[in-house]
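Chemist: What would the 3D arrangement of this be:
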Amino acid sequence: MKRIAFLFLLFLASQTVHSWKKDEFRACDQTPFCKRARFRKPGSCTLIAADVSISDGDLTAKLVPKAPQDHDQDPIKPLTLSISVYQDGILRLKIDEDPSLDPPKKRFQVPDVIVPEFESKKLWLQSASTEKLDGNNAGLSSVVYLSDGYEAVLRHDPFEVYVREKAGNRRVVSLNSHGLFDFEQLRVKKEDEDWEERFRGHTDTRPYGPQSISFDVSFYESDFVYGIPEHASSFALKPTRGPGVEESEPYRLFNLDVFEYVHDSPFGIYGSIPFMVSHGKSGKSSGFFWLNAAEMQIDVLAKGWDAEDGILMPIDQSRIDTFWMTEAGIVDTFFFIGPGPKDVVKQYMSVTGLPAMPQLFSTAYHQCRWNYRDEEDVENVDSKFDEHDIPYDVLWLDIEHTDGKRYFTWDKLLFPHPEEMQRKLAAKGRHMVTIVDPHIKRDDSFDLHKDASKRGYYVKDASGKDFDGWCWPGSSSYPDVLNPEIRSWWSEKFSYKNYIGSTPSLYIWNDMNEPSVFNGPEVTMPRDVLHLGGVEHRELHNAYGYYFHMATADGLVKRGDGKDRPFVLSRAFFAGSQRYGAVWTGDNSADWDHLRVSVPMILSLGLTGMSFSGADVGGFFGNPEPELLVRWYQLGAYYPFFRGHAHHDTKRREPWLFGERNTALMRDAIRIRYTLLPYFYTLFREANVTGVPVVRPLWMEFPSDEAAFSNDEAFMVGNSLLVQGIYETRAKHASVYLPGKESWYDLRTGTAYKGGKTHKLEVSEESIPAFQRAGTIVPRKDRFRRSSTQMMHDPFTLVMALNSSQEAEGELYLDDGKSFDFKQGAYIHRRFVFSNGHLTSLNVASSSPLGNSRFSSDCIIERIIILGYTPGAKTALVEPGNQKAEIELGPLRFGGQHGGGGAVTIRKPGVRVGEDWKIKIL
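Modeler: Here you go, the predicted structure:
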């Protein structure tokens, strides 16, 4: 036992020192299902659609081989196919083995991802029309209504499914147009067959044999495809096969604990969302989602990859072809017709659910490290923020705060008074987050382990015993969170009674939930481990962290009797994770490339539902030079999730440790975030209602601007702000493309720049390029406090950036920042419109408060800054009340490194933020 412990310590030491080891992880040619699928040639699918009919509101068919089968081979049994249609132009295609033919087991369908209300949006098909291609029976197709202007088509021979516009029969998305569909059916093992797979000393027993699925998907009117996180790569996905592509791996979706992942790689890391979005010169977008939690590999095929396959495709439409491969599961796919980029995102969200509305405090700045040593260290860090006038909201504790890596416990020597420690932070409006990972220490004196073991709640190994793997505590087991009963049990552990030392200001961090298993194949759980109902881990791997995140978030809701919004940060994620909290991009490194790649990573997450995301500011591994750290704070201030974090082997890097000048620069960056919190919170509400992400690619706001399609150095925050990082040391200039036809105003100086062109700008250490779009109004709070909680009653500033018509508009959303009362209508939602010299505040709350749910605010607007307005007028008239307010030149920002020159300012209009009013410039 001592030898095992010693070897484990050696392993941990190697993990903290060595970076990414490529050979620890499988490549496609080491992954049999991927290798087999990539070997297939276009046109090799011989299945045709037979017995096509309408049944239970769906278009159904059997997929059967066209030609007589060779008796020497295993017979190909018919597959069942169903096409369902839903509101908003969503097509669902399912293909599975026929249960009436008694397959060896039921193939896994991922539960609890599709929101229950989606099924109520089903359109029950009454009939299908039939059409012939080229007047020949082999070209028969069945056509059903999808939505106004769109149809779904099932071609019988060869089998193909696609969505098209009625006008001109122009295709949008298609499946199996290249005949690459393959579905390995479950069968009984023959005596001479070896189904086992081996990799680096690990054996996967594969008791059910090969069961992979693959097919091609084509996107029409497309020039780029995006999405399918998580990869540290460009936002626009690069081709992985075809002409001009040298040895390349497919984009891998397989949740893994990857130390110091490399940038510009298609290798899969901590999370997986099999949702792809296309966009093209037409300004139109479309999308495709495969609900499948097994390992997936996706090729983006270079133009000309199919030059010699002889398959005729529409030549009048630009197209991107992709090839999707998975190890197990079923075909359960969704086609999204758009046509706008925001429409595609909304359609996907109607299937997997809208992002949770976060608590206000969680949208502010978080300070984290592995690890703050003890209560004295916590108190010192907290007081230093105050001493240096730097606001922050959350202090985090990593694994060392526990008693021997037993979660829900405290090290009694280092943290003897956890409740008092939390109360001291809460007195300043601050919060604490502690880490709770899924590996449970196998220790008979640990009540959590004893309870889980006694109840049989652990995942089982292939022999049926509790799975035992190595992680931070040493020997560990993992709760089977696929099981709703076990998720409920887990959620009870967060009650104040069970989590001794926790208080209402404590929230949770789920790390290592891919799940990470140090001695497992590819540092994760073996694929033949068993879950509820005999489901193999291979079938649900990518959703394990999702179920764990779900159970933790539910636990915090239960803890607060359903009144307190949870905050849970998770490293692993899957489709639907947006309903349960935030994610981050994992164990990045303190280098300029990782700063640069954080932007496309966060854009990909937002596009696929995960609005609340960020990267570790400063880089988790390594010691950032002061300039890199400053630039990272300046960029990170605009991430949806804003947290500084570092590995325990790194030097301390709190913002005051790099000299007065750098402290001032980092303070200013953090203060920008606090100034913009009202705007960010409004955007989080927009995401919560519509699914449109907080941080967006430029082309989401400017869908016809081709110069924006592959730009992933800059991003939009909402529809009003454009930000571009500085990604190299000692930069003196930056080239910034500003899209659209209207002007953009520098956030610091108010200087106007023309849209539709690239500007070469001088940059200084003080800031990164950031602009407000003409025609927008952005709400701010300009008074500096210790935390966001202490800003609740502060007055607002509105910054109006006028367009060429001297108009602008924007929104502000307010609620109590913490409870679920907003769901009952307890909130303020205003739209501000400036036109014809009048600024009007309009109520756009979508519903009246229910019952006693009311939210009111005494906050006033103390300043209105107008950019792009020619000075002249001296006063403004405020209605109702017929009061006059002065107009003068004032600073654009207060308390920053660079306050900016004179901006036209309406001082002290004194109007309440929650009321109707009008201000007229005289």
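Chemist: switch to C-alpha atoms for all contacts and neighbour counts from now on
Modeler: Fine.
Chemist: Can you name the element that comes right after the longest strand along the chain?
Modeler: If you go by DSSP state E, the chain has its longest strand at strand 136-147. Sequence-wise, the next helix or strand downstream of strand 136-147 (DSSP states H and E) is strand 150-155.
Chemist: pLDDT on the next helix or strand after that following strand, on average?
Modeler: Using DSSP H and E, the helix or strand that follows strand 150-155 in sequence is strand 160-165. Averaging pLDDT along strand 160-165 yields 98.
Chemist: quick revisit: got the contact list for the longest strand of the chain?
Modeler: With C-alpha atoms under 8 Å, 6 or more residues apart in numbering as the test, strand 136-147 has contacts from 52, 59, 85-91, 125, 127-133, 151-158.
Chemist: can you state the direction angle for that strand and strand 150-155?
Modeler: 150 degrees (axes from the mean of the first three to the mean of the last three C-alpha atoms, to 10 degrees).
Chemist: residue boundaries of the strands in the stretch 401-550 of the chain?
Modeler: Counting by DSSP state E, counting those that start in this stretch, one finds strands in the stretch 401-550 of the chain at the ranges 431-435, 440-441, 469-471, 474-477, 506-510.
Chemist: what's the first-to-last distance across stretch 847-862?
Modeler: 28 Å (C-alpha to C-alpha, to the nearest Å).
Chemist: How about it, which residues are buried there?
Modeler: Neighbour counts over stretch 847-862 (16 or more other C-alpha atoms under 10 Å) mark 849, 854, 855, 857, 859, 860, 861, 862 as buried.
Chemist: Where strands are concerned, which of the residues you listed count?
Modeler: Per DSSP E, the buried residues of stretch 847-862 map to strands at 860, 861, 862.
Chemist: got CSV for those, with pLDDT and distance to residue 658 too?
Modeler: Shown next, in CSV, are these (pLDDT from 0 to 100; distance: C-alpha to C-alpha, whole Å):
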residue, pLDDT, distance to residue 658
860, 97, 38
861, 98, 37
862, 96, 36
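Chemist: between those, which is nearest residue 656?
Modeler: residue 862 (31.9 Å; C-alpha to C-alpha).
Chemist: Any chance of the ones in strands among the buried residues of stretch 847-862 in JSON lines with distance to residue 391 as columns?
Modeler: Shown next, in JSON lines, are those (distance: C-alpha to C-alpha, whole Å):
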{"residue": "860", "distance to residue 391": "22"}
{"residue": "861", "distance to residue 391": "22"}
{"residue": "862", "distance to residue 391": "22"}
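Chemist: isn't residue 319 right up against residue 217?
Modeler: No - Residue 319 is beyond contact range of residue 217, at 10.4 Å (criterion: C-alpha atoms under 8 Å).
Chemist: possible to save the strands of the stretch 401-550 of the chain as CSV with distance to residue 800?
Modeler: Putting the strands of the stretch 401-550 of the chain into CSV (distance: least, C-alpha to C-alpha, whole Å) gives the following:
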stretch, distance to residue 800
strand 431-435, 33
strand 440-441, 53
strand 469-471, 53
strand 474-477, 56
strand 506-510, 37
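Chemist: which residues of the stretch 101-250 of the chain fall in helices?
Modeler: Taking DSSP state H, counting those that start in this stretch as the test, the helices found in the stretch 101-250 of the chain are 116-119.
Chemist: so where is it shaky, pLDDT-wise?
Modeler: For the stretch 101-250 of the chain, the stretches flagged by pLDDT under 70 are 134-138.
Chemist: Can you show me the strands along it?
Modeler: According to DSSP E, counting those that start in this stretch, the strands that the stretch 101-250 of the chain contains are 122-123, 129-133, 136-147, 150-155, 160-165, 171-175, 182-183, 197-199, 202-204, 213-220, 224-227.
Chemist: thinking again about what came up before, and the buried residues of stretch 847-862, which is closest to residue 582?
Modeler: residue 855 (25.8 Å).
Chemist: What distance do you get for that closest one to residue 820?
Modeler: Taking C-alpha to C-alpha, one finds residue 855 at 12 Å from residue 820.
Chemist: swap in residue 313?
Modeler: Taking C-alpha to C-alpha, one finds residue 313 at 51 Å from residue 820.
Chemist: More neighbours: which of the two?
Modeler: Using other C-alpha atoms under 10 Å, the more surrounded residue of residue 313 and residue 820 is residue 820, with 18 against 10.
Chemist: ok, and the closest non-adjacent residue to residue 697?
Modeler: Nearest residue to residue 697 in three dimensions, chain neighbours excluded: residue 715, at 5.2 Å (C-alpha to C-alpha, 6 or more residues apart in numbering).
Chemist: For the stretch 601-750 of the chain, give me the ranges with low pLDDT.
Modeler: Judged by pLDDT under 70, no stretch of the stretch 601-750 of the chain qualifies at all.
Chemist: Around the residue lying closest to residue 114 once chain neighbours are set aside, count how many other residues there are.
Modeler: Nearest non-adjacent residue to residue 114, counting by C-alpha to C-alpha, 6+ apart: residue 352, 4.8 Å away. For residue 352, the neighbour count with other C-alpha under 10 Å is 23.
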